[in-house]
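Chemist: my questions concern the predicted model and sequence given below.
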Amino acid sequence: MSKFIKLLALSGALLMGSASYAQDIKFFTIGTGGTAYTYYPVGGMIANAISRPPGSRPCAEGGSCGVENLIASAVSSRGSVDNVNAISSGLRNSGFVQADVAYWAYSGTGTMKGQKALKDLRAIAALYPEHIHLVARKGAKIKSVSDLKGKRVSLDEPGSGTYVDANLILEANGLSEKSVKAEYLKGSAATDALKNGKIDALFVVAGYPAGAIVELASSNDITLVPISGKGAQKLTKKYSFFSQDAIPAGTYEGIGKTDTVAVGAQWLTSAKESDDLIYNITKALWNEKSRILFDKGHSKGKVITEATALDGIGIPLHNGAKKFYKEMGLTK
């Protein structure tokens with residue numbers, strides 16, 4: 001009997017130890033976008049940089065320089081609008097969001113006018129510029145945004161930043177969602193539809209090169225349609241989040257330099273997240289090992305820099321992130 005009691009006591013101690021161990025682990029989700037574009041692989045890269053699961057060697061011993069006992073994961077989502085709503089509701093801890101969507105969601109203005117302002121949204125960092133791609137079949141006779149009238153065009157899913165920006169671009173060029181035969185396809189579903197002749201064009205807001213478009217251009221005759229001229233000027237004058245830029249020649253096989261507009265990608269979280277946690281995550285984001293990982297991990301990683309971490313942010317920083325940037329002399 002005494003042996004049995006000892007075994008029970010030992011088992012109980014082990015279970016209590018396991019429970020304590022489990023409580024030490026913090027899971028942290030990063031809402032991204034569709035798996036075919038840029039948010040998702042960049043999210044995976046950042047999740048890897050900030051994670052240090054239990055049992056990992058600490059940075060000082062040549063191991064992970066992430067946050068102790070943190071397991072971060074990139075989660076596929078519908079994009080920017082979906083991410084701000086998921087952060088606000090507590091469904092996700094953080095997410096990638098276009099600068100325009102971030103500000104409008106926080107302030108309840110712009111395309112979010114009439115909706116409840118999401119005042120708990122907070123910024124961790126600005127990441128990189130995203131370029132608006134308007135991709136068309138070569139035989140579709142689409143040389144400008146105005147040529148989209150009456151064409152079959154994918155605007156991406158409602159809930160995505162692409163859908164928001166596609167509508168703004170149509171509006172700046174004297175068109176609307178009703179001016180086109182709109183489809184609402186995401187990622188590979190959109191590129192497959194273009195490949196199979198089911199649509200004439202599609203919008204994508206992504207850091208170049210976007211994987212799905214790289215694949216599409218390698219095996220199909222496509223064009224990148226310029227988003228330029230008076231329409232682009234009207235858009236950038238009305239909304240300071242947008243800038244005129246270009247996708248360089250050779251980014252996609254057989255396609256030359258293409259003028260377009262760009263908007264910043266930002267990493268947001270909730271004010272309800274712990275100050276200490278977000279401070280440590282921000283610190284892990286910008287350490288030397290993360291820099292090596294970003295430079296090698298994805299083509300957009302090279303432009304994710306501490307020097308541009310506060311560029312274009314129009315909502316408050318999380319207190320934890322603010323503390324880190326203040327220590328680094330980047331903010332007062």
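Modeler: That came in fine, so what should we check first?
Chemist: identify the bridge partners of the residue nearest the centre of the chain.
Modeler: The geometric centre of the chain, computed from its C-alpha atoms, lies nearest to Phe96 (Cα atoms, centre = their mean), at 3.4 Å. Taking DSSP bridges as the rule, Phe96 bridges to Trp267.
Chemist: read off the pLDDT value for it.
Modeler: The model reports Phe96 with a pLDDT of 98.
Chemist: show me what contacts it?
Modeler: 30-33, 39, 42-43, 80, 83, 127, 265-268 (Cβ atoms under 8 Å, 6 or more residues apart in numbering). Where C-beta positions appear, they are placed from N, C-alpha and C, glycine not excepted.
Chemist: try 7 Å this time
Modeler: Residues in contact with Phe96 (Cβ atoms under 7 Å, 6 or more residues apart in numbering) are Gly31, Thr32, Gly33, Tyr39, Gly43, Asn83, Ala265, Trp267.
Chemist: between the residues you listed, which sits nearest Arg57?
Modeler: Gly43 (24.3 Å; Cβ to Cβ).
Chemist: I'd say that closest one and Gly33 touch.
Modeler: No - Gly43 lies out of contact with Gly33 (Cβ atoms under 7 Å); the separation is 8.2 Å.
Chemist: who has more neighbours, the two?
Modeler: Gly33 (33 against 26; other Cβ atoms under 10 Å).
Chemist: just checking, Pro53 touches Ile71?
Modeler: Yes - counting by Cβ under 7 Å, Pro53 touches Ile71, with 5.4 Å between them.
Chemist: which one's more surrounded, these two?
Modeler: Using other Cβ under 10 Å, the more surrounded residue of Pro53 and Ile71 is Ile71, with 17 against 13.
Chemist: which stretches of the stretch 101-250 of the chain form strands?
Modeler: 121-137, 152-154, 181-183, 201-206, 222-224, 243-247 (DSSP state E, counting those that start in this stretch).
Chemist: mean neighbour count, these: which tops it?
Modeler: strand 201-206 (a mean of 27; mean count of other Cβ atoms under 10 Å).
Chemist: which neighbouring elements make contact with it?
Modeler: In terms of contacts (3 or more Cβ pairs under 7 Å, 6 or more residues apart in numbering; DSSP states H and E), strand 201-206 is packed against strand 121-137, strand 152-154, helix 161-172.
Chemist: and the last one with strand 201-206, angle?
Modeler: Okay, so that is helix 161-172. Relative orientation of helix 161-172 with respect to strand 201-206: 120 degrees, computed using axes from the mean of the first three to the mean of the last three Cα atoms, to 10 degrees.
Chemist: for helix 161-172, the distance to its chain's centre please.
Modeler: How far helix 161-172 lies from its chain's middle: 17 Å, per Cα atoms, centre = their mean, to the nearest Å.
Chemist: swap in the longest one?
Modeler: If you compare the mean C-alpha spot of strand 121-137 with that of the full chain, they lie 7 Å apart, counting by Cα atoms, centre = their mean.
Chemist: same check on the shortest one?
Modeler: The offset between the C-alpha centroid of strand 152-154 and the centroid of the whole chain comes to 23 Å, using Cα atoms, centre = their mean.
Chemist: partners of that strand in the sheet?
Modeler: Going by DSSP bridges, the partners of strand 152-154 are strand 181-183 (parallel), strand 201-206 (parallel).
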